[in-house]
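*Asks:* 3D model of this:
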Amino acid sequence: MLNRTLRLLLFITAVCILYGISHAQFLSSDDVNQLPSAVPDYQIAYGNDPRQVADLYLPEGQGPHPVAVIIHGGCWLSKIANFKNTSALSDALRRIGIATWNVEYRCVDNPGGGWPGTFLDVAHATDHLRVIAKRCKLDLERVIVLGHSSGGQLALWVASRHLILKGNSLYIDNPLKVRGVIALGAVTDLRKLEPTDEEVCGDDVIVKLEGGLPDEVPERYHYASPIEFLPIGVPQTLIIGAQDMPILLEHSKTYVAAAKRKGDEAQLLIVDHASHHEVVAPGSAAWLTVRSAVLAMLNLERK
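*Replies:* This is a model prediction of the structure:
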């Protein structure tokens, strides 16, 4: 009788464990913040505001090293995320031979954030690589941009800003050329996301980012919304979890189709068993896809 009871208890326990695994929660932003990462080699200011800094992770070797500019997400709100959220990603890429420049920037809830400050911050941060390239042995011919979520929108914008004409408030002379952009669970259509951004972000954040509704400042949406500024003339890889928010998945599919239709080199990689934060979590179901995409865009052999 005891053995039968014990077997029954073991069976029930096994069922509970398997049920728990199959219904495990996907990673949250806080989970990603807790992932281990090394201390960056340098934290460098690219401006005078306390948030205008970036962490530089350098790989082993003499260099010059290829570079990935990393832009965190968080709905353009510092209260949701900062560059701690992409520290583990930055360190993991550093471990496979890529220098990573993990950028902090002013968000819409910071003084000077929104239009145009948030955009100009990530632009100036990217261009600041020229200032540190020699002493840090960086290869400015091999620079890519990675961004997550709202940072994916900013990364796509950084890769497209060479098209902005003089006189525009986002114009910066001679922007650093990037080889390509990898957008992770990215926002690709500000105009279509705006009506639901309070549901997605808990705030009407896109209006704050752009300084108005689409019909009030249409030119701003044209220059800042990735799908409206195609073609951008550099390779684009979008990676998103199959279990991410349906609206982001739908927009990613639409974006890549539009990019290809307009002559850009673009691809969409959908990762099963992954939601919104797995794409920035080394060791997750999405990690090998992200890692391979970075190595391919930089023409590096697998390490």
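*Asks:* And the strands in the stretch 201-303 of the chain, which stretches?
*Replies:* Remark: strands assigned in the stretch 201-303 of the chain by DSSP state E, counting those that start in this stretch are 236-241, 266-271.
*Asks:* okay, those strands, which one's buried deepest?
*Replies:* strand 236-241 (a mean of 27; mean count of other C-beta atoms under 10 Å). Glycine gets a C-beta too; all of them are placed from N, C-alpha and C.
*Asks:* now the angle from that one to strand 266-271?
*Replies:* Strand 236-241 and strand 266-271 are oriented at 20 degrees to each other (axes from the mean of the first three to the mean of the last three C-alpha atoms, to 10 degrees).
*Asks:* average model confidence for strand 236-241?
*Replies:* What strand 236-241 shows for mean pLDDT is 98.
*Asks:* Distance to His124 added to the strands of the stretch 201-303 of the chain, as a markdown table?
*Replies:* Listed next are those as a markdown table, based on distance: least, C-beta to C-beta, whole Å:
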| stretch | distance to His124 |
| --- | --- |
| strand 236-241 | 22 |
| strand 266-271 | 27 |
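*Asks:* Kindly state which of those strands is positioned closest to Arg95.
*Replies:* Nearest to Arg95 among the strands of the stretch 201-303 of the chain is strand 236-241; the distance by C-beta to C-beta comes to 19.2 Å.
*Asks:* could I get that closest one in PDB with only the CA atoms?
*Replies:* The C-alpha trace of strand 236-241 is given here as PDB (Å, rounded to 0.1, in the frame of the first residue of the first chain):
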ATOM      1  CA  GLN A 236      17.800  45.100 -41.900                       C
ATOM      2  CA  THR A 237      17.100  42.000 -39.800                       C
ATOM      3  CA  LEU A 238      14.100  41.900 -37.600                       C
ATOM      4  CA  ILE A 239      13.900  39.200 -34.900                       C
ATOM      5  CA  ILE A 240      10.700  38.700 -32.800                       C
ATOM      6  CA  GLY A 241       9.300  36.000 -30.600                       C
END
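*Asks:* quick one: contacts for Trp157?
*Replies:* By C-beta atoms under 8 Å, 6 or more residues apart in numbering, Trp157 lies in contact with Phe119, Val122, Tyr223, Ala224, Pro226, Phe229.
*Asks:* Provide the secondary structure category for Val39.
*Replies:* Following DSSP: H, G, I helix; E, B strand; the rest coil, Val39 is assigned to coil.
*Asks:* Now for it, how many residues are close by?
*Replies:* Using other C-beta atoms under 10 Å, Val39 is surrounded by 9 other residues.
*Asks:* For it, grab phi and psi.
*Replies:* For Val39, the backbone dihedrals (degrees, to the nearest 10) come out as phi -70, psi 130.
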